[in-house]
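Trainee: For reference, the sequence and a predicted model appear below.
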Amino acid sequence: MSKSEKRLYLANSLSQSWVMSYIGGNALFTILYLNSMDVDAWLGVFILLNIGLSLIAFLMAVRQKMYVPFWGYVGIAFAVFQFARLLWIPEEIVGSVRVLSAALLIMTGIAILVGSIICIKRSQERQQFIIDNNIDLATLQR
């Protein structure tokens, strides 16, 4: 059985694992960031933003597991956003916490980028296999 043929039946768990590692790393970044952040109105915005990112990322992980290429492109947008967040680290965060926060942003950006690229690539290969072999998807669903 070829890899493309296996993708008709198996879930894309590799892509899902990369996105889930993004969620874990982003949660760790949020905890570190909150411990060093001043208490003001932006704290609530930051918390809500990260809750929203985590919820959407979980939905993305589930959808990438099912080879939905749209969510791969959404994941690339998330990666760009993670890299852009490097520019928003406040000056009140200094020393090793700043370096660790930047490292977490870079690692989570890379994780979601890798997971999304894997999703897009595997989705295209799976779709091409379906077209080449004239497979009816209704027979695969149960």
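Mentor: That came through fine. Quantities reported herein were computed from a predicted structural model and do not represent experimental measurements.
Trainee: Give the buried residues for the longest helix out of those in the chain.
Mentor: Ranked by number of residues, the top helix in the chain under DSSP state H is helix 96-132. Buried residues in helix 96-132, counting neighbours by 16 or more other Cβ atoms under 10 Å, are found at 98, 101, 104-105, 107-120, 122-123, 126, 129-130. From N, CA and C alone the C-beta is placed, and that goes for glycine too.
Trainee: and the strand or helix carrying V74, C-alpha only, in PDB?
Mentor: Secondary structure assigned from DSSP states H and E places V74 in helix 69-85. Provided in PDB are the C-alpha atoms of helix 69-85 (Å, rounded to 0.1, in the frame of the first residue of the first chain):
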ATOM      1  CA  PRO A  69      -5.800  22.400   3.200                       C
ATOM      2  CA  PHE A  70      -7.600  25.700   4.100                       C
ATOM      3  CA  TRP A  71      -6.600  25.200   7.700                       C
ATOM      4  CA  GLY A  72      -3.000  24.700   6.500                       C
ATOM      5  CA  TYR A  73      -3.100  28.200   5.100                       C
ATOM      6  CA  VAL A  74      -4.700  29.500   8.300                       C
ATOM      7  CA  GLY A  75      -1.700  27.900  10.200                       C
ATOM      8  CA  ILE A  76       0.700  29.800   8.000                       C
ATOM      9  CA  ALA A  77      -1.000  33.000   8.900                       C
ATOM     10  CA  PHE A  78      -0.700  32.000  12.600                       C
ATOM     11  CA  ALA A  79       3.000  31.500  12.100                       C
ATOM     12  CA  VAL A  80       3.400  34.900  10.500                       C
ATOM     13  CA  PHE A  81       1.500  36.400  13.500                       C
ATOM     14  CA  GLN A  82       3.800  34.500  16.000                       C
ATOM     15  CA  PHE A  83       6.900  36.000  14.300                       C
ATOM     16  CA  ALA A  84       5.300  39.400  14.300                       C
ATOM     17  CA  ARG A  85       4.700  39.100  18.000                       C
END
